[in-house]
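A.B. asks: sequence below, structure please.
(one chain, ligands or ions: 2)
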Amino acid sequence: MLELRDVSYAYPGSPQVVTNVSLTVERGARVAVMGENGSGKTTLAHLMCGLLQPVTGEVLVDGIPTGDAASIHEIRRRVGLVFQDPDDQLIENTVEREIGFGPRNLGLAPAEVESRVDRALEVFGIQDLRGRSCHLLSAGEKQTVTVASVLAMEPDYVVLDESTSLLDGEARLRLISAVERLLTETGAGLVLISMRLEDVWLCDRVLFLKGGSVAFTGGKEDIPRRLLDDGVPLTGLPLLLGRLDGIVPGFAGRVASGRVLSAGSLAAALSGMSGNPKGGAACP
Ligand SMILES: Nc1ncnc2c1ncn2[C@@H]1O[C@H](COP(=O)(O)OP(=O)(O)OP(=O)(O)O)[C@@H](O)[C@H]1O
Ligand SMILES: [Mg+2]
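C.D. replies: Ligands and ions are numbered 1, 2, ... in the order given. The predicted structure is shown next:
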């Protein structure tokens, strides 16, 4: 279990930016962390993998405190963080080397490293990038490579910090599907930081940060209503529609073609309320 116990943090010489946050993520659990710009999401991600140490409270990974200097390699092995900015993460010349970097560092045999690289390239659909130079990739390609390289290490907990932000709609869904497939196979826990509905739909639970504190926790069906209450535009709605049938049978079919579904009717439907989806408020 990845556990934050009443964690607070302030960057040296700065005011507190994370305040009394508690969260548990079991293996196999999928938790979305949402919040406006500057609400402390990235800071929380760095606290989860031991890159930052809480000023008060503690972070435990399967019972090991991230502050335990002797266990830092163990913490890094168990918690795989994908940085918000891919350029902060990419270190090798080629995509193949980059994806193999983590597995090599784990001390895996060369044949196993090769098999992890092959598999990651296949699952993420980036075989054509194998020999390419990381620094010449597009922003979206870089982002996909960083996610693939962290998942190739098969960590027990994966922390994705806005890892689809540089991808367009279809590429984003492909990446999410690949992540979902690997998580199902490995049983890893997921912390997914995003403000995009089609990303966080992968998760079962959500934690909203506001000004560094937990504003709200709930199930994923609470997300649209919560975003609406906060006046956040629901992005990714059209992409999500195709998936809604599984939750509200026949829902997607009830949306007249070419009409824009209102965010309110989506929230109502997801909350199990009755009512016909109404056209109206434009959602991007
Ligand atoms: N290295 C730093 N030194 C001082 N303050 C920082 C540092 N990094 C972040 N902050 C501040 O901490 C607060 C939380 O930042 P953080 O990056 O964790 O938020 P975020 O929710 O990830 O934002 P975004 O959505 O823009 O990625 C912000 O006020 C930010 O300005
Ligand atoms: Mg951030």
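A.B. asks: hey, let's count contacts and neighbours off CA atoms from now on
C.D. replies: OK.
A.B. asks: which residues sit against stretch 1-13?
C.D. replies: 16-27, 48, 53-63, 157 (C-alpha atoms under 8 Å, 6 or more residues apart in numbering).
A.B. asks: so which of those residues are in strands?
C.D. replies: Residues of those located in strands (DSSP state E): 16-25, 56-61, 157.
A.B. asks: which stretches of this protein form strands?
C.D. replies: Counting by DSSP E, the strands of the chain are 2-10, 16-25, 30-35, 56-61, 64-65, 79-82, 157-161, 189-193, 205-210, 213-219.
A.B. asks: quick check, pLDDT for the closest residue to ligand 1 within the stretch 101-250 of the chain.
C.D. replies: Ligand 1 sits closest to Gly212 of the stretch 101-250 of the chain, with a gap of 7.1 Å, by C-alpha to the nearest ligand atom. Model confidence at Gly212, given as pLDDT, is 96.
A.B. asks: neighbours of it, how many?
C.D. replies: 23 (other C-alpha atoms under 10 Å).
A.B. asks: surely it meets Gly40?
C.D. replies: Yes: shown here, Gly212 and Gly40 form a contact pair, counting by C-alpha atoms under 8 Å, at 5.0 Å.
A.B. asks: which residues are in contact with both of the two?
C.D. replies: Counting by C-alpha under 8 Å, 6+ apart, the residues touching both Gly212 and Gly40 are Val17, Val18.
A.B. asks: how about the residues of the chain near ligand 1?
C.D. replies: By the rule C-alpha under 6 Å from any ligand atom, the part of the chain lying against ligand 1 is Tyr11, Ser14, Val17, Glu36, Asn37, Gly38, Ser39, Gly40, Lys41, Thr42, Thr43.
A.B. asks: which of the residues you listed has the most neighbours?
C.D. replies: The most crowded member of the residues of the chain next to ligand 1, judged by other C-alpha under 10 Å, is Lys41 (26 neighbours).
A.B. asks: pLDDT at that residue, what is it?
C.D. replies: For Lys41, the pLDDT comes out at 96.
A.B. asks: could you do the one 4 residues further on as well?
C.D. replies: Reading off the per-residue confidence, Ala45 sits at a pLDDT of 98.
A.B. asks: what's near enough to touch it?
C.D. replies: Going by C-alpha under 8 Å, 6+ apart, Ala45 touches Leu81, Val159, Asp161.
A.B. asks: just among those, which is most surrounded?
C.D. replies: Busiest of those [other C-alpha under 10 Å] is Val159, holding 27 neighbours.
A.B. asks: walk me through the domains of this structure.
C.D. replies: With automatic domain parsing as the criterion, the domains of the chain are listed as 2-220, 233-284.
A.B. asks: from those, which stretch is densest packed?
C.D. replies: For the domains of the chain, average neighbour numbers computed from mean count of other C-alpha atoms under 10 Å are highest in domain 2-220, which has a mean of 19.
A.B. asks: measure that domain end to end?
C.D. replies: Distance between the two ends of domain 2-220: 20 Å, counting by C-alpha to C-alpha, to the nearest Å.
A.B. asks: check the offset of that domain from the chain's centre.
C.D. replies: Taking C-alpha atoms, centre = their mean, to the nearest Å, one finds domain 2-220 lying 6 Å from the centre of the chain it belongs to.
A.B. asks: quick check, nearest of the contacts of Ala45 to Ala152?
C.D. replies: Minimum distance to Ala152 across those is 12.0 Å, recorded for Leu81 (C-alpha to C-alpha).
A.B. asks: now stretch 182-200 - C-alpha only, PDB.
C.D. replies: Written as PDB, here are the backbone C-alpha positions of stretch 182-200 (Å, rounded to 0.1, in the frame of the first residue of the first chain):
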ATOM      1  CA  LEU A 182      -0.500  -3.100 -18.300                       C
ATOM      2  CA  LEU A 183      -2.000  -2.200 -14.900                       C
ATOM      3  CA  THR A 184      -4.500  -5.100 -15.300                       C
ATOM      4  CA  GLU A 185      -1.700  -7.400 -16.100                       C
ATOM      5  CA  THR A 186       0.700  -6.400 -13.300                       C
ATOM      6  CA  GLY A 187      -1.900  -5.500 -10.700                       C
ATOM      7  CA  ALA A 188       0.000  -2.300  -9.900                       C
ATOM      8  CA  GLY A 189      -1.700   0.600  -8.100                       C
ATOM      9  CA  LEU A 190      -2.200   3.900 -10.000                       C
ATOM     10  CA  VAL A 191      -2.200   7.500  -9.000                       C
ATOM     11  CA  LEU A 192      -3.300   9.500 -12.100                       C
ATOM     12  CA  ILE A 193      -3.000  13.300 -12.000                       C
ATOM     13  CA  SER A 194      -5.100  14.900 -14.600                       C
ATOM     14  CA  MET A 195      -8.000  17.300 -15.100                       C
ATOM     15  CA  ARG A 196      -9.200  15.400 -18.200                       C
ATOM     16  CA  LEU A 197     -12.400  13.400 -17.800                       C
ATOM     17  CA  GLU A 198     -11.300  10.700 -20.300                       C
ATOM     18  CA  ASP A 199      -8.100  10.100 -18.300                       C
ATOM     19  CA  VAL A 200      -9.600  10.000 -14.800                       C
END
